[in-house]
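# Sequence and predicted structure below; questions after.
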Amino acid sequence: MFLKVLSKKNTKEVLYLLEKNEELYFSQLLNETGAFKSNLSNLINELIDFGLISKREEAEELKQQKIPKVYYKLTNVGKEALKIYEIEQNLEKLKKSNE
């Protein structure tokens, strides 16, 4: 099942963005990936369910109103999953060198 979620559109990009930036909130991920809001939301929920990323909520005060801001972070499982993408790149290089 891990491979299925890792092969989904934007998964690789989201995981690498979180590795690079350590922690991002939803609209940052949305802007960086260019994904549709609902698609990214569904993907993030799947990544959380698989333990690849975690979320942290922080209330931000805006005009005397607390608005929750949700931050996402790569977990240790997510960091290990990035190795699969590295393996994929190495296999592609090997394939090209054998052609």
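Now that the structure is in, tell me what you want to look at. From a predicted model like this one, the values you see are computed outputs, not experimental measurements. Numbers count the residues shown, from 1 in each chain.

# Give me the below-cutoff pLDDT ranges for this structure.
Along the chain, the model assigns pLDDT under 70 to residues 61-64.

# separation between the residue most central in space within it and Asn31?
By Cα atoms, centre = their mean, the chain has its centre lying nearest to Val14, at 2.9 Å. As for Val14, its distance to Asn31 is 12 Å (criterion: Cβ to Cβ, to the nearest Å). The C-beta positions use only the backbone N, C-alpha and C, and glycine is treated the same way.

# and the residue nearest to the centre of the chain, what element?
Using DSSP states H and E, the element containing Val14 is helix 11-21.

# in its sheet, what does the next helix or strand along the chain from that helix sit against?
Counting by DSSP H and E, the next helix or strand C-terminal to helix 11-21 is strand 23-25. For strand 23-25, the paired strands and their directions (DSSP bridges) are strand 65-74 (antiparallel).

# What residues sit buried inside the strand it pairs with?
71-72, 74 (16 or more other Cβ atoms under 10 Å).

# and which of the residues you listed is nearest to Leu18?
Leu74 (4.1 Å; Cβ to Cβ).

# any idea how far Leu40 is from the residue lying closest to that closest one once chain neighbours are set aside?
Computed as Cβ to Cβ, 6 or more residues apart in numbering, the closest residue to Leu74 that is not its neighbour in sequence is Leu18, at 4.1 Å. Applying Cβ to Cβ, the value for Leu18 to Leu40 is 13 Å.

# Give me the more crowded residue out of these two.
Leu18 (24 against 19; other Cβ atoms under 10 Å).

# correct me, but the more buried one touches Leu24?
Yes - shown here, Leu18 and Leu24 form a contact pair, counting by Cβ atoms under 8 Å, at 6.3 Å.

# what's the overlap in contacts for the two?
Tyr72 (Cβ atoms under 8 Å, 6 or more residues apart in numbering).

# Work out for me the element Ile84 sits within.
helix 76-97.

# Please compute how far that helix lies from its chain's middle.
Remark: helix 76-97 is offset 16 Å from the chain centroid, using Cα atoms, centre = their mean, to the nearest Å.
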